[in-house]
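1. Need a 3D model of the following:
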Amino acid sequence: MRPPTPRRSRGLALIAMAVVGLVASIRMQAEPAPRGTVATRDDRPALSPTEALASFVLEPGYRLDLVAAEPLVQDPVAIAFDELGRLFVVENRGYPDPLEGQPAEPPRGGVALLTDSDRDGRFDTRTEFATGLTYPNGLMVWDGGVFVTVAPDLLYLKDTDGDGVADERRVALTGFSATRTAQIRFSHPTLGPDGWIYFTSGLNGGRVTSPAHPERPPVVFSTSDSRYHPVTGAFELVGGQGQYGLTFDDEGRRFICANRHPVWQVMLEPEQLQRNPRLAFSDTVQEVSAVGAEASVWPLTRDLTTASFHPTLITTPHAGTFTSASGVHIHRGDALPSGHAGSIFVAESAQNLVQRQVRRPSGVSFRSTPARDGVEFLASRDSWFRPVFLANGPDGALYVVDMYRKDIDHPAYVPEESRRHFDFTAGRGLGRIYRLAARERGPAALAVDLATATNAQVLSALARPNAWWRETAQRLLVERRAVDVAPDLRLLASRGPVLARLHALWTLDALDVLQAPELRRALRDEAAAVRENAVRILERRMTATPSLVDDLLPLVDDRDARVRLHVAAALGVSADPRAVTALAALARRDGADRWVRAAIFSGLHDRTGPFLDAFQARTAGPSAARPAARAAVMQDLGRLYGATESRERCLALLTAIADPREELSWQPAALAGLAQGLRTRSASVADTPASSGTTASRSPLMTLVAGDAPEAQRGRERLATQLARAAAVALMEEAPIDQRLPAIDLLGQADLATSGASLMQLLAPTRPAAVQVAAVRALSQLPEPAAAASVLERARWQAYTPRVRDAVLTALMSEERLTTALLDAVAREDVAPAAIGAARARRLTGHRTPAIRDRARTLLAGLDAGGGLPVYERARTDVLARSGEAARGRQQFEAQCVACHTFGGAGGRVGPDLSGIRNQPADALLLHILVPDYEITPGYESYTVQTRDGRTIVARMESETAGSLSMRDAAGQAHVVLRADVVSVTAAPGSLMPATFHEALSGQDLADLLAYLKTSR
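-> Modelled structure (predicted):
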C-alpha cells in the first residue's frame, strides 16, 4: 500500500539547495572561449555544483543559473513544466542497460516532481512522482498527469488525490521495440499544434497496439517517427527517423535530430507520399544544418570518445564535429537577449557543449549555421557535463538538462577491447538543471496558475509572446473541451496577433468548431504562417468536403514558397480536374525543388497524362516552365510515366523528350527515367508489335520503339539520335560529371550493338572511377548475356581497382542471369574465388535457385570465409609495429574507402561517417577493417530485397514509407523500390563491407591507412 503522506525528500533537498543557492548566486560572467585551447582530459573526479558552474564559458549577453542539482535531481534526461509551474523530471537512473548476455538490473528509473517552495526561482522540494520504471527517457504534461516514454510502453501517470504521487498508471500504447540498447528507443513526446503527440523513433521500430482499443490492428514498422492522439487513441507513423530530439517552430513545422545530423526538418509525411503507389520517393526530411564532418563544434574538452582514455593514440587536438547531437530545440521564449528568439539550440553531450544556430529561409525549407564561428554558445571545461535535453520555461528562459556522467557512451557502441577503460556507471545519482537567459533576466518565482484559471483567462494566454504560455493555453482548452469560448476564439483568429491567430485556428479545429468562414479567412490571411497552417487544416478536410478545392486554387500563385508546397500536397487529395492544371502550374514555377515535385507527383495517381498535357501547354511567356524546373520535372515524370501510362502515351513522351531541338542537358536523364519506369512493369517484346524479322531480346526502352508503325519509327529515329549524343557526352573527358553519368545511364537502357562499344571504352583504367562504375552498371542492364561477360574478361578484371571490382560484383549478383555469368568467369579462372569475398560467397552458396547454389558450392568450396578473427590476429602484430605514413594512407583511403565512407567532408554514404574515427585505438580500427562483420553500426545493417522483375538488391536501408524503400548498395548506388514490386525483404547476416582487405592491402598499406585515419584533421 502507498503510505498516506507524500514522499518528499525535504531534508536532503534543503541541504542540497543550500549549496545550490550559494552556487546560483554566482553570476556567470560571459567570456570569449579561448580559441584553439582544449583542456587535457585526465581521470578527474566529478565536480561539485559550485565547481561545475565555474567551468562554463558562455556567450556574451547571457547569464547561467543552477536551479536544481543532486540529490534533488538524479540522472535527469527530460523535463516538462505543468500549468502550476511545477517541474516534472524524467530520471533514467539505470542507464546504461546491461549488454546482451548480462543479467538484467532491477528498474531504477522514475519521475520526480520539483517545486519552488520559497519562490526564489530555484527548486527546493522533490516528490517521487513515479518509481519502478526501467529506462524512461521523455515525458509530456497532459490532463493533470504526464505521458512517459518507457519502451515498450507509453505510460500515462496521474496523481488523483493531490499528494504529488502518481496513483493512476495505465499503458496507453505498447509494443515499441526495447530489444536494442536504452540509448536508441522511442522518446520525446511533444504536443504538436494539431493536437497529436509526436515521438522520435530512437532509430527503432515496433509492433504497436492500444490496450484500450484491442480491435485495432497493430502498427508494425522498422524505423519511423510516430504520433498518438490523446483523445481518440489513434496511432500512426509520420515522417522522419529522429534519435533524441524533437521541436516545433512558431509556425508548427517539426524538426528532429540524430547523432551526426544536428537539425532535420520534416518536409512531407508518409501519408502524403503513399497516395501514389508508383511514386518512387521515400525521403521525408531535409538537412537544415551542416552534417557529419562539416558540422563543426568547438569544445573546451577533448571529445570523449574511445581514444580519450588512450593519450598515446591521440594526435593533435581538433575542432571536433557533432557526434551526439540531441535535444534539438527552437527557443520560442522571450527571456533571451534581443534578436535571439527563434535560435536553434543543439546539445552535444559527448563534447560537453550546447551550440546555438541561426536559421535562415532556403527555398521551402531553411539553412542553419552556428551563431558564432570558432566558439560555442555554452561549453564547459568539465568533461562530466552532459547536456541531453533543452526546454522553454514559463519565464521564457532556456533550461538545460545535464545528466552529468563521466562517460555518456553506451558500452554497446564502444569497441569491445576498449570497454575496460570506461566507467559507464560513474555519475549515477548526479545531475543538474540550468537556466539561461539574458543577463538582466535572473531567476524569479514562476507566477503560474493556469490550472484554476477560467477558460476565458486561459484563452487570453494565446496572445502571450512566450510560446510556453500559448501552447499550455491551447492544451488546456482542448483538454477541457472549452467550446464555450469558441466565439472568442473566432475573434482572436481574425484580429489577434499573428501567432495568436495561428493558435486560435488550431484550437478551433481541435474542438471541432472550426467553420468554413474562419478557414477561408485564414487562407487569405496577410501572414504566410497563418495561410500555411490553414492549408494544412484544409488538406485534412478535403476528402469529406471536396468543394474546398475552390478555396485552395487561388493559393497556387501564393508569394510564399512554403505555402505553395502545402498547396501542392493538398491538391493531391482532390479528384477535381482543375487540381491537375493547378499542379502543372506549380510544377512550372517550383519544379526545380525536389520537395515540391514529390508533393506534386504524389497527388497525380493515374493522372500523369493530363498532367503532362497541362505542363506542356505553356511553352512561352511568364507562366512557362523555368529551365531548371522543366528539366527536373521531365526526369521524374519520365520515371512515373513509364511505370503507369499506356505504351502509346509512353511512346509519345519519348518522342517529345527526344526532340533534337530540345536542350541536351536534361534529355538523357529524362529518357533513362522513362526506361526505369518501364522496367518496373517488366515491359517485353510481347507488349508491342514485332518488327519484321526481329526475334532478339530487347530492353524495355528499345521494345517501346520497336515495330513498323509510323509512331514507333519516328520514336526510334529520335532515340537513336539521343543515344549517339549521349555516347559523345559520356566519352568526353571535359564534360561535367553530372552530365556524363546520366548519359551513361541512358546507354545502359539500349542494347549491346548500340551502346556496347562506348561503354567498353569507359571501363579503361584511365577513366575516373565514378565513370567506370557507371559503365559497369550500364553494361549490366543491357539484355544480351555478352554484355555481362565482357565486363569479366580477364584483362579487364585484373585492371579494375577495388572500388570498380566491388561495383562489378554488386551489379552481377543483382540478377540471376548476371550471376550465372559471374560463376562462368570463376569457372574459367578469369575471376579468382577469393575475389568474391566471404559475404558474397555466403549469399551464393545459399542462393534460392538450386542451379546457382549447387554450382557456387562447387566453385567456391574451401574458400576462407573472409579470414575472420584469425586474419586479424595474424596481421595485428605486424601492422601495429610498422610506422605508417599518412600521405600514403590517404591514397589508400581514396582508392579503397571513399566510395562508401565519408571522411573529412567527402565520400560516400554506404557506410558510417568516419570523420570521428581518429579517436579509435589503432587495434580497434584494424579489427573493423579486416573483420567488418565483427560489429555493425546500428542503422547500417544490410537487407536483401527480391523484386518482381527478378532483381536481388543487397543494400543498407536508408528510409522507407508505406509505398517504397530507399536503399544504397555497396557500390554506392541508390535504389528506390516500390513496395508493390517487392517479393521479399530479409535482413542479411553480414556487413556490406567486403572482408578481403587483407588480400588487397599489404601490412604497410594497412599501417599507412591507419596513420591517415588517426592523424587527419
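2. Show the contacting residues for Ala886.
-> Asp1008, Ala1011, Tyr1012, Thr1015, Ser1016 (CB atoms under 8 Å, 6 or more residues apart in numbering). C-beta: built from backbone N, CA, C; applies to glycine.
3. Please look at the third one and Ala895 and confirm they touch.
-> No - taking CB atoms under 8 Å as the definition, Tyr1012 is not a contact partner of Ala895, at 11.7 Å.
4. returning to that earlier point: let me know the closest of the contacts of Ala886 to Pro211.
-> Ser1016 (52.8 Å; CB to CB).
5. Quick check: pLDDT value at that closest one.
-> pLDDT for Ser1016: 57.
6. swap in Leu671?
-> You'll see Leu671 listed with a pLDDT of 94.
7. On the three-state scheme, it is what?
-> Of the three states, Leu671 takes helix under DSSP: H, G, I helix; E, B strand; the rest coil.
8. Number of residues surrounding it?
-> Using other CB atoms under 10 Å, Leu671 has 29 neighbouring residues.
9. do the same with the one 4 residues further on
-> When neighbours are defined as other CB under 10 Å, Ala675 has 27 of them.
10. any chance of the contacts of Ala886 in JSON lines, plus neighbour count and distance to Thr323?
-> Formatted as JSON lines, these follow (neighbours: other CB atoms under 10 Å; distance: CB to CB, whole Å):
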{"residue": "Asp1008", "neighbour count": "25", "distance to Thr323": "25"}
{"residue": "Ala1011", "neighbour count": "22", "distance to Thr323": "22"}
{"residue": "Tyr1012", "neighbour count": "24", "distance to Thr323": "20"}
{"residue": "Thr1015", "neighbour count": "16", "distance to Thr323": "18"}
{"residue": "Ser1016", "neighbour count": "18", "distance to Thr323": "16"}
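11. Mind checking which of these are in helices?
-> Asp1008, Ala1011, Tyr1012, Thr1015 (DSSP state H).
12. Glu83 is in contact with Ala451, correct?
-> Yes - with contacts counted by CB under 8 Å, Ala451 reaches Glu83, the gap being 4.7 Å.
13. which helices and strands does the top helix by length along the chain pack with?
-> Longest helix in the chain, counting residues (DSSP H): helix 710-731. Secondary-structure packing of helix 710-731 (3 or more CB pairs under 8 Å, 6 or more residues apart in numbering; DSSP states H and E): helix 647-657, helix 667-680, helix 737-747, helix 752-761.
14. Would you tell me which of the ones you listed gets closest to Tyr62?
-> helix 737-747 (44.8 Å).
15. Need the residues that contact the closest one.
-> The contact list for helix 737-747 (CB under 8 Å, 6+ apart) reads 665, 668-669, 671-672, 675, 722-723, 725-727, 729-730, 732, 754-755, 758-759, 762, 768, 770-771, 774-775, 777-778.
16. so for that helix, what's the average pLDDT?
-> 92.
17. Now do the buried residues in it.
-> Gln739, Arg740, Leu741, Pro742, Ala743, Ile744, Asp745, Leu746, Leu747 (16 or more other CB atoms under 10 Å).
18. Quick check: chain neighbours aside, which residue is closest to the last one?
-> Okay, so that is Leu747. Distances taken as CB to CB, 6 or more residues apart in numbering put Ser755 closest to Leu747, at 3.9 Å, once the chain neighbours are dropped.
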